[in-house]
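In: below is the sequence, then the predicted model.
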Amino acid sequence: MSEYQKIIPIANDILKNHELCCHCLGRLFSKQLHLSSNKLLGQKLKKNFESSEKCFICKNLFDNLDYFLKMMIDYTSDYSYRTFGIGITVKPSIIDRDDYIRSKYKLAGTDSVKTDITKELCKSFSKKTKKVLDFLDPEIHFLINFKNESCLLHSKSITFSGRYVKTVRGITQKQKSCTNCNGDGCRTCLLHGISEFTSIEGMISQYLFKKFGGTTTKFTWIGGEDKSSLVLGTGRPFFVKLNHPNKRTSKLTSIDLDSIKLKNLKIIDKFPQKPILFSSSIEIKISSRSTIDSQYLKTLKNICDSPVLVCETSGKRFEKQIFSLSYKKHSLHTFSLFMKVEGGLPIRRLIEGGGVSPNVSEILRCKCTCEEFDFHDILV
């Protein structure tokens, strides 16, 4: 007796007691027969049965898949992508009825009705759009809710790396969050989490929103600077994740945003997983009410001989290295330092004191003020 002949009595028994659609009936036996189309198998098994009742398991849900297919296509009209994935939510009663039938007739190893609905949607969507199904990491992911007939779409984030050059003073690095949502994204800030674009973060974010769409951005900075500092040379490296983008590709070159310039902006696979070590070449302008002793200035070079200890108010302690130091005296009360330092050393506190030892004020034996400091290069 063939496998097909073995299942006929079981299928007939099911149909005598429960009306099933072709999809649900075929699904119960297709794996056993190694067939790919549940619907065709179901049609063959139902050829001697006719009924106008709804399917006991899915309530004819499969007949309504075109409605959700159109919804998915409409939702993606403004998105560019290559791969997709689908997750679904159905009424618990559908799952319960499916489990009841499979348990009653001992049909172990068959796909669930939820799995079959997902497969049918994926197959139809791929055929319509020519996009590729990706189970693990799709660029676009749908969550279809059959309970309330809704569709949620999630677009995979894009990560960029680049550098910025800042040639105008008075621009902060970080942007304040939207006061209405504290950075989560709301209607007031158009889901961006920030309501202004006046900082380095804001200007870069605004450029990415215009170029790629998206909602919020998340930055990882390689060091930071004061509002009054310049960032020159090859610029400061940064990484930024753009959430829920519409576009995924675009030509990126050096970009002039008036107050800042972006260099080497490119899409990368993911955020760096470990802290990035870097050093900075800095010019620091310093003043003092007291007369600066030239003899003491010479001793500043000794600061390179051993690490500088940094003590935070939180109790955290760490050491940073100064690799090189030179100076230029301008007057009895002003001078400049040119230093190459390990990333993460608090420059203003290095000059003025405050949990940094040794510091310039301590070495020169007079209270020094850091007027401004500029970054000439940042080396990763």
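Out: Done, it's in. Numbering: from 1, shown residues only.

In: and stretch 58-70, what's buried?
Out: Neighbour counts over stretch 58-70 (16 or more other CB atoms under 10 Å) mark 58, 59, 61, 62, 65, 68, 69 as buried. (Each C-beta comes from the backbone N, C-alpha and C, glycine too.)

In: over to stretch 285-305?
Out: So for stretch 285-305, counting by 16+ other CB under 10 Å, buried means 285, 286, 287, 288, 292, 297, 300, 303, 304.

In: restricted to strands, list these.
Out: 285, 286, 287, 288 (DSSP state E).

In: out of these, who's nearest residue 329?
Out: Closest approach between these and residue 329, by CB to CB: residue 286, at 10.2 Å.

In: pretty sure the closest one sits against residue 333.
Out: No. The criterion here is CB atoms under 8 Å, and residue 286 misses it with residue 333 at 9.4 Å.

In: what residues go with each domain of the chain?
Out: The record's domain parsing of the chain by automatic domain parsing lists 3-155, 158-268, 279-379.

In: and the furthest pair within the buried residues of stretch 285-305?
Out: Distance extremes for the buried residues of stretch 285-305: the farthest pair is 287 and 304 at 22.9 Å, using CB to CB.

In: and the domains of the chain as JSON lines, adding mean pLDDT?
Out: Formatted as JSON lines, the domains of the chain follow (pLDDT from 0 to 100):
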{"stretch": "domain 3-155", "mean pLDDT": "92"}
{"stretch": "domain 158-268", "mean pLDDT": "92"}
{"stretch": "domain 279-379", "mean pLDDT": "92"}
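
In: just the element for the closest residue to residue 7 other than its chain neighbours, please.
Out: Leaving aside its sequence neighbours, residue 7 sits nearest to residue 29 (CB to CB, 6 or more residues apart in numbering; 4.8 Å). Assessed by DSSP states H and E, residue 29 sits inside helix 22-33.

In: likewise for residue 348?
Out: helix 347-352.

In: tell me which other helices or strands that helix touches.
Out: Here helix 347-352 touches strand 279-288, helix 360-364, strand 368-379, going by 3 or more CB pairs under 8 Å, 6 or more residues apart in numbering; DSSP states H and E.

In: residue 168 is nearest to which of those?
Out: Across the helices and strands packed on helix 347-352, residue 168 has its closest neighbour in strand 368-379 (11.9 Å, CB to CB).

In: what's that closest one in contact with?
Out: With CB atoms under 8 Å, 6 or more residues apart in numbering as the test, strand 368-379 has contacts from 163, 169, 222-223, 225-226, 228-237, 278-288, 343, 347-348, 351-352, 360-361.

In: in that strand, which residues are buried?
Out: Residues of strand 368-379 classed as buried: 368, 370, 372, 373, 374, 375, 378 (neighbour count, 16+ other CB under 10 Å).

In: now distance to residue 184 too, for the residues you listed, in TSV please.
Out: As requested, those are arranged in TSV below (distance: CB to CB, whole Å):
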residue	distance to residue 184
368	42
370	36
372	35
373	34
374	35
375	32
378	31
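
In: out of these, who's nearest residue 111?
Out: Taking CB to CB as the measure, residue 378 is the one of these closest to residue 111, at 55.1 Å.

In: tell me how far that closest one lies from residue 10.
Out: To residue 10, residue 378 is 72 Å away according to CB to CB, to the nearest Å.

In: helices or strands up against the lengthiest helix in the chain?
Out: In the chain, assigned by DSSP state H, the helix with the most residues is helix 113-129. Using 3+ CB pairs under 8 Å, 6+ apart as the contact criterion, the elements in contact with helix 113-129 are helix 22-33, helix 65-75, strand 83-89, helix 92-104, strand 132-133.

In: no more questions from me, cheers.
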